[in-house]
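> coords please:
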Amino acid sequence: MRKTLDDWMHEYHNLDEYQSMFYLMSLTMKYIHSHNYQITNFNPNKIVFETSDDVTSHPETYVIYQNIESFGDDPVKDMHNNMYNLAFLQVGIYSSTLPYLKPDFLKENFNQFKAFLPEDDIIYYQRVLVNNNYFYYNDYRDQKNQQQIDALTKQTNSGSGDRSKTSQLTKATAAGKLYNFDDKDNNPMAAFVSRFLLPFLVISLSLLIPIAAFIFGQFS
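This next block holds a predicted model:
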């Protein structure tokens, strides 16, 4: 079965499914880079997911970037551009602002986008999109998972029966953070601002800027 990223992103997915698919997209990109190629088009209609039809085993999904070409004169810059573009694509999908989102707006207003992102991935997107500190999303997830495993191992080996420490460790995991709500999550106004106002602002700016330029041109 084949579907484009555009088809996939218009379906309902839970947080784990988003993270798993973005992990796979990053892993595939890293593989492409390892063979001296870069991705030249991140349009959701140019990225395809293909799932095997083998019913005898667990079906596997593959990512196909339809537009790739050899590195240019600066392979490191090409890889960094790909890492940025993939992170930008992911934030656009999480926030439902992809068709209207601009890099400068995202960088200057990144704090407003945090509400849409998985809590344990915010630092990754901030480093790549704001601080220009480039690395692969799949490497970030692998390192973070290893840190959680090490913390769990250390906690187990300590032989401590302190339930408060166990609770703190649980909250440090991705699943623990997902269910660790606080008062701000129950604030209807905060939820409205986070979910609806930001996409409206991005869309409004994308429309008002060309209109203002047109009017200014008429009277200049």
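> hey, where'd the helices end up in the chain?
Using DSSP state H, the helices of the chain run over 5-9, 15-34, 75-95, 103-108, 110-113, 122-129, 137-158, 163-172, 174-178, 188-192, 198-219.
> list the contacts of the shortest one.
The one in question is helix 110-113. For helix 110-113, contacts defined as CB atoms under 8 Å, 6 or more residues apart in numbering pick out Val91, Tyr94, Ser95, Leu106, Tyr125, Gln126, Leu129, Val130, Leu198. Bear in mind the C-beta positions are built from the backbone N, C-alpha and C, glycine included.
> returning to what we had before: weakest of the helices of the chain by average pLDDT?
Least confident of these, judged by mean pLDDT, is helix 174-178 with a mean of 38.
> quick one: contacts for Thr28?
Taking CB under 8 Å, 6+ apart as the criterion, Thr28 is in contact with Tyr62, Val63, Tyr65.
> who's the closest residue to the last one other than its chain neighbours bridged to?
Counting by CB to CB, 6 or more residues apart in numbering, the nearest residue to Tyr65 once its immediate chain neighbours are dropped is Ile39, at 4.7 Å. Per DSSP bridges, residues listed as beta-bridge partners of Ile39: Ile68.
> what is the neighbour count of the closest residue to Asn81 other than its chain neighbours?
Computed as CB to CB, 6+ apart, the closest residue to Asn81 that is not its neighbour in sequence is Gln38, at 7.6 Å. Residues lying near Gln38 (other CB atoms under 10 Å) number 20.
> same question for Tyr125.
For Tyr125, the neighbour count with other CB under 10 Å is 22.
> swap in Val63?
Other residues close to Val63 by other CB under 10 Å number 19.
> what residues does the residue nearest to Asn81 make contact with?
For Gln38, the contact set (CB under 8 Å, 6+ apart) comprises Ile32, Ile68, Glu69, Ser70, Phe71, Gly72, Pro75, Asp78, Met79, Asn81, Asn82.
> what residues does the residue lying closest to the third one once chain neighbours are set aside make contact with?
Spelled out, it's Glu69. The shortest distance from Glu69 to any residue other than its chain neighbours is 5.5 Å, reached at Thr40 (CB to CB, 6+ apart). Going by CB under 8 Å, 6+ apart, Thr40 touches Asn67, Ile68, Glu69.
> same question for Met9.
Residues near Met9 by CB under 8 Å, 6+ apart: Pro44, Ile93, Leu98.
> just send those back as a markdown table, with neighbour count and distance to Arg141 too.
Shown next, in a markdown table, are the contacts of Met9 (neighbours: other CB atoms under 10 Å; distance: CB to CB, whole Å):
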| residue | neighbour count | distance to Arg141 |
| --- | --- | --- |
| Pro44 | 18 | 21 |
| Ile93 | 21 | 17 |
| Leu98 | 17 | 22 |
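> please tell me how far the nearest residue to Trp8 once chain neighbours are set aside sits from Phe71.
In space, and not counting its chain neighbours, Trp8 is closest to Phe49: 5.9 Å by CB to CB, 6+ apart. From Phe49 over to Phe71 the distance is 25 Å, taken as CB to CB, to the nearest Å.
> Glu119: neighbour count?
For Glu119, the number of neighbouring residues by other CB under 10 Å comes to 13.
> now the one 5 residues further on
Residues contacting Tyr124 under the criterion other CB under 10 Å number 21.
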